[in-house]
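> sequence first, predicted coordinates after that:
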Protein chains: 2
Amino acid sequence: MREDCHVCVAEGFSAQSRVKVCLGDRAIIATLSIVRDDWLSHQQAGLSDIAWQLLDAKEGDQAFFAHPKPVESMSAVRGKLYGKSLSQDDATAIINDINHGRYSDIQLSAYVTACAGNRLDKNETLFITKAMVDSGQRFDWGKELVLDKHCVGGLPGNRTTPIVVAIIAALGLTMPKTSSRAITSPAGTADMMECLTDVTLSFDHMRKVVEEQGACLAWGGSVSLSPTDDIIIRVERALDLDSEGQLVASVISKKIAAGSTHVLIDIPVGPTAKVRSKALAERLSQALIHTGTGLGIHVETIISDGSQPIGTGIGPALEARDVLLVLENHDHAPQDLREKAMALATKMLEMAGQGTTYECLQKVEEVLSNGQALEKFNAICAAQGQIKELPIAKHQETVLADRSGIVSFFNNRILSRLASLAGAPNAPAAGLSIHVKVGDQVCQGDPLVTVHSEAPGELEYAMAFYHEHCDDVLLIEPEVI
Amino acid sequence: MREDCHVCVAEGFSAQSRVKVCLGDRAIIATLSIVRDDWLSHQQAGLSDIAWQLLDAKEGDQAFFAHPKPVESMSAVRGKLYGKSLSQDDATAIINDINHGRYSDIQLSAYVTACAGNRLDKNETLFITKAMVDSGQRFDWGKELVLDKHCVGGLPGNRTTPIVVAIIAALGLTMPKTSSRAITSPAGTADMMECLTDVTLSFDHMRKVVEEQGACLAWGGSVSLSPTDDIIIRVERALDLDSEGQLVASVISKKIAAGSTHVLIDIPVGPTAKVRSKALAERLSQALIHTGTGLGIHVETIISDGSQPIGTGIGPALEARDVLLVLENHDHAPQDLREKAMALATKMLEMAGQGTTYECLQKVEEVLSNGQALEKFNAICAAQGQIKELPIAKHQETVLADRSGIVSFFNNRILSRLASLAGAPNAPAAGLSIHVKVGDQVCQGDPLVTVHSEAPGELEYAMAFYHEHCDDVLLIEPEVI
């Protein structure tokens, strides 16, 4: 608004004021920018893109501006800071206010901070999860058994989902998988799948694919399962702050909203993974199971090795290649990815009551080996859209070992950053191929990592970063004879 | 910046990105707004008023834009959330980063929240106070004894400061008082003093007044004693969250920066004051004394009655009138204000080693009664600038008692709000006159409160608020015979 416009002066608004904007039956709370000059006339207000969208505003519409009421649920947040536990009513009010955009960034940050440092107990986590489930839509697939999996993340290349979905669906069970795109990582399952077929499906299209094939591999963003969660995650990222309770609420609420009944959660543990110790992983596991059970779904967890990347490729197309190699039973298929996907699928079958561990493993082995899983995967891709050729990066550079010895350590975080700098996931062919695993013996001059980029500038940028951090990316210990 | 400008695209900036802007040897971190259309050309960036100012930018200057480095001291804030105490190095790094504008609102909120709920222990409070002292300038008055007082606030009309300053200076001691303007209250000492003389003094002018008169009564805003504190307070206010440790750091650091050696702090306690219980007041008192002592100044506190307003007037001119009545030994001078100012002045003399309590009280009584304090006050006003006539509000309305009985309760918060709605402090003559005190016997029809406004609309608005809350403003209990 103009500094001297009638509304600004009468209401006492100033720069950065929180302002309630009403248009028809819609209302948002916005942060005010004040302009001078004649960008706007006295009777005009400008809106940001997101405000136009949320208010469904059109040029020439009349809007009303006022001070927003104080957000009452903030008193529960203040209470929490003074040691009072959150009740179900508190949690419902907080999530409802966040969902309706009533929290400013400063208030959101206070909420996230108040919950951080393991300050949410089991009950509070359950209350918040329930509030998040209640605040959004919830899918109903009309089936008793709806399987799902989730990985808490932090491990590059860990692209088991498409393989697990193909196996589960090939065995006749239902697994309507929605996945995210990468936010800070070099690839999400949705980014990887988009190298092979369409992932931005309407809900009707998704339902049709699941009815025909028993499964889908779609992007979850077009069906907003937990809008509140997206708002909270943005602030957690800005603070680089994980709240265990908030993580549990995020994962479980999304699975319940997706209509899942049986959910397996992969928790990779390693010094450079998201979860850094077995003890933390076990506490997280208990919280996930407690919350899921409390809200009527069957949750189990697998605490897995997070000490190094899974598979060979990091980046959308490079990970897709690994997935296809496993499904095609190719000689060069990465065995760690194959084994991990099989372990997850086996555990999910067990959860779904499909037999003993041994029987389930046999079923998994069979549909993977006889090509039924590949066939199912191709059918899902075809049902979702046009099948695409995997792109190959124009610019590649391979890093060679500068000494001989045994590979002893990978830094997942630095590898992820390197792949991002190379252009992943925006450039689908960009990323890394990792040629060695922990325990491998290498000789000086052996290839370690190939960096793939679609633009020479990005390759240069990534290589400069590599040379700056080469001692941290991976370690080669001298062999003791 | 334009969405499609070269810098935006190359650096990967998007709306709300944090961006480091460098110009010459100055740098700020700003939040990016993205525009389309031709408001800006491809090689142009627009700046907010405050950014122009901080960068000392001129139309046509060339600036550089980049992603800011992650704020390293945030890891200490995260550590604090996970139960790790802040060290002196942590506190120094945090305050330094806040002072240089490196914390976003989200990060500031996390810091404030991490410190809230009495989570700062005595040492952490001391470390933060020291960091705040070190981050700003510090006055040196060249005297061994520099007296100061402070009130933690929340009590309307409690305008003891000008009286205390006049008494102390009349007794030949040094008290270079800087005060704040009202932020959420109906008047600050600077607002009240501005009804009588100039308060916006240059530092040289202030020093000249103090050298001549031994004291001043200036606005502290023109000499920024603690820029970091202003940044933190803005976020605390948005969250409606007080952190005891942060309050202590704010008060003590400002007093040390002001060059004070002996500081008396008034802590009014009452159900509707800022500090609501004696126990809280005593804990706060201990923290203030511990921190002041730790940093080499002499701090004492007075825990005072905060159950009702002090004096008759609430609002700049109405409070100034009370102050003058006391200094003039007028028959109608509010006795509670007189007594409280004398008690504070007496305690300060004692702290300064000017004799026993009885001797100090006698000295105070003497300079107040014989007009030396008034003379000193007038001399200070004259040294600061032109003497002004007190304004009188054009529009007044008096609320009468609707029943007979004994006044038993005042709500300080609602009275403050009422005075603000009447126009205080922006309209200097606006505010309230309170005609009764707790314990007074009133008859139906007796005047209780007069509302003063400079505009008829404001009077109407305030009266509407009064009638909506009349049962909460004050209570009249039936007399038991």
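Sure thing, it's come through.
> can you tell if whichever strand or helix holds A:S285 touches chain B?
Assignment of secondary structure by DSSP states H and E places A:S285 within helix A:278-294. No - Helix A:278-294 is not in contact with chain B by Cβ under 8 Å from any Cβ of the partner chain; minimum separation 11.5 Å. Every C-beta, even on glycine, is put in place using the N, C-alpha and C of the backbone.
> the very next helix or strand once past that helix vs helix A:278-294, what angle?
Sequence-wise, the next helix or strand downstream of helix A:278-294 (DSSP H and E) is strand A:298-305. Orientation check (axes from the mean of the first three to the mean of the last three Cα atoms, to 10 degrees): strand A:298-305 against helix A:278-294 gives 160 degrees.
> name the residues of the helix holding A:S285 that are buried.
Across helix A:278-294, burial judged by 16 or more other Cβ atoms under 10 Å in any protein chain shown covers A:A281, A:L284, A:S285, A:A287, A:L288, A:I289, A:H290, A:T291, A:G292, A:G294.
> quick check: mean pLDDT across it?
The average pLDDT within helix A:278-294 is 96.
> for it, packing partners?
The elements that helix A:278-294 packs onto, with contact taken as 3 or more Cβ pairs under 8 Å, 6 or more residues apart in numbering or on different chains; DSSP states H and E, are helix A:122-135, helix A:244-257, strand A:262-269, strand A:298-305.
> wait, which of the ones you listed is closest to chain B?
Closest to chain B of these is helix A:244-257 (Cβ to the nearest Cβ; 10.9 Å).
> relative to strand A:262-269, how tilted is the closest one?
Using the same axes, to 10 degrees: helix A:244-257 against strand A:262-269 is 150 degrees.
> which residues are contacting helix A:244-257?
Outside helix A:244-257, the residues that touch it by Cβ atoms under 8 Å, 6 or more residues apart in numbering or on different chains are A:112, A:115-116, A:118-121, A:124-125, A:128-129, A:132-133, A:136-139, A:148, A:150, A:152, A:220, A:225-226, A:229, A:232-233, A:236, A:263, A:265, A:283-284, A:287-288, A:291-292, A:295, A:297, A:299.
> try it again with 7 Å
A:112, A:115, A:118, A:120, A:124-125, A:128-129, A:132-133, A:136-139, A:148, A:150, A:225-226, A:229, A:232-233, A:236, A:263, A:265, A:284, A:287-288, A:291-292, A:295, A:297 (Cβ atoms under 7 Å, 6 or more residues apart in numbering or on different chains).
> who in the stretch 151-300 of chain A is up against chain B?
Taking Cβ under 7 Å from any Cβ of the partner chain as the criterion, the stretch 151-300 of chain A approaches chain B at residues A:V235, A:A238, A:L239, A:D240, A:L241.
> which among those gets closest to B:G12?
Minimum distance to B:G12 across those is 16.1 Å, recorded for A:A238 (Cβ to Cβ).
> quick one: mean pLDDT for stretch A:409-424?
Mean predicted lDDT for stretch A:409-424 stands at 92.
> can you give me how far that stretch is from the chain middle?
In terms of Cα atoms, centre = their mean, to the nearest Å, the centre of stretch A:409-424 is found 17 Å from the chain centre.
> tell me which residues of it come out buried.
Within stretch A:409-424, the residues scored as buried using 16+ other Cβ under 10 Å are A:409-412, A:414-424.
> same check on stretch A:165-177?
Buried residues in stretch A:165-177, counted by 16+ other Cβ under 10 Å: A:V165, A:A166, A:I167, A:I168, A:A169, A:A170, A:L171, A:L173, A:T174, A:M175, A:P176, A:K177.
> of those residues, which belong to strands?
Residues of the buried residues of stretch A:165-177 located in strands (DSSP state E): A:M175, A:P176, A:K177.
> tell me the predicted confidence for the spatially closest residue to A:T261 that is not a sequence neighbour.
Nearest residue to A:T261 in three dimensions, chain neighbours excluded: A:V146, at 4.8 Å (Cβ to Cβ, 6 or more residues apart in numbering or on different chains). On pLDDT, A:V146 comes in at 98.
> how about the stretch 201-350 of chain A: which residue is closest to chain B?
Chain B sits closest to A:A238 of the stretch 201-350 of chain A, with a gap of 4.7 Å, by Cβ to the nearest Cβ.
> follow-up on the earlier one: want to throw the helices and strands packed on helix A:278-294 into a markdown table with distance to B:L475, mean pLDDT and mean neighbour count?
Formatted as a markdown table, the helices and strands packed on helix A:278-294 follow (distance: least, Cβ to Cβ, whole Å; pLDDT from 0 to 100; neighbours: other Cβ atoms under 10 Å in any protein chain shown):
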| stretch | distance to B:L475 | mean pLDDT | mean neighbour count |
| --- | --- | --- | --- |
| helix A:122-135 | 38 | 94 | 22 |
| helix A:244-257 | 43 | 92 | 25 |
| strand A:262-269 | 58 | 98 | 24 |
| strand A:298-305 | 55 | 97 | 18 |
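> for B:V7, which of those is the nearest?
With Cβ to Cβ as the measure, helix A:244-257 is the member of the helices and strands packed on helix A:278-294 nearest B:V7 (34.5 Å).
> CA atoms of that closest one as CSV?
Backbone C-alpha positions of helix A:244-257 (Å, rounded to 0.1, in the frame of the first residue of the first chain) are rendered in CSV as follows:
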residue,chain,number,x,y,z
GLU,A,244,11.6,-35.5,16.5
GLY,A,245,8.0,-35.1,17.5
GLN,A,246,7.3,-32.9,14.5
LEU,A,247,9.0,-35.4,12.2
VAL,A,248,6.9,-38.2,13.6
ALA,A,249,3.7,-36.1,13.2
SER,A,250,4.7,-35.2,9.6
VAL,A,251,5.4,-38.7,8.5
ILE,A,252,2.4,-40.4,10.2
SER,A,253,-0.2,-37.8,9.4
LYS,A,254,0.8,-37.9,5.7
LYS,A,255,0.5,-41.7,5.6
ILE,A,256,-2.9,-41.7,7.3
ALA,A,257,-4.1,-38.9,5.0
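> angle of that helix against helix A:122-135?
Here the directions of helix A:244-257 and helix A:122-135 differ by 40 degrees (the same axes, to 10 degrees).
> helix A:244-257: how far from the chain's middle?
Counting by Cα atoms, centre = their mean, helix A:244-257 is centred 12 Å from the centre of its parent chain.
> before we move on, what about stretch A:7-23?
That offset, for stretch A:7-23, works out to 36 Å (Cα atoms, centre = their mean).
> before we move on, what about stretch A:406-425?
Counting by Cα atoms, centre = their mean, stretch A:406-425 is centred 18 Å from the centre of its parent chain.
> can you give me the end-to-end distance of it?
End-to-end distance for stretch A:406-425, by Cα to Cα, to the nearest Å: 31 Å.
> check contacts around the closest residue to A:E3 other than its chain neighbours.
Sequence neighbours aside, A:I34 is the residue nearest to A:E3 in space, at 5.0 Å (criterion: Cβ to Cβ, 6+ apart). Shown in contact with A:I34 (Cβ under 7 Å, 6+ apart): A:M1, A:E3, A:S14, A:A15.
> show me the domain layout of chain A.
Taking automatic domain parsing as the reference, chain A has its domains at A:6-66, A:147-384, A:395-477.
> for B:K340, which of those is the nearest?
The nearest among the domains of chain A, by Cβ to Cβ, is domain A:6-66 at 33.2 Å.
> hmm, back to that, out of the domains of chain A, indicate the one that is most buried.
Most buried of these, by mean neighbour count (mean count of other Cβ atoms under 10 Å in any protein chain shown): domain A:147-384, with a mean of 21.
> now the end-to-end length of that domain.
End-to-end for domain A:147-384, by Cα to Cα: 19 Å.
> this completes my enquiry, with thanks.
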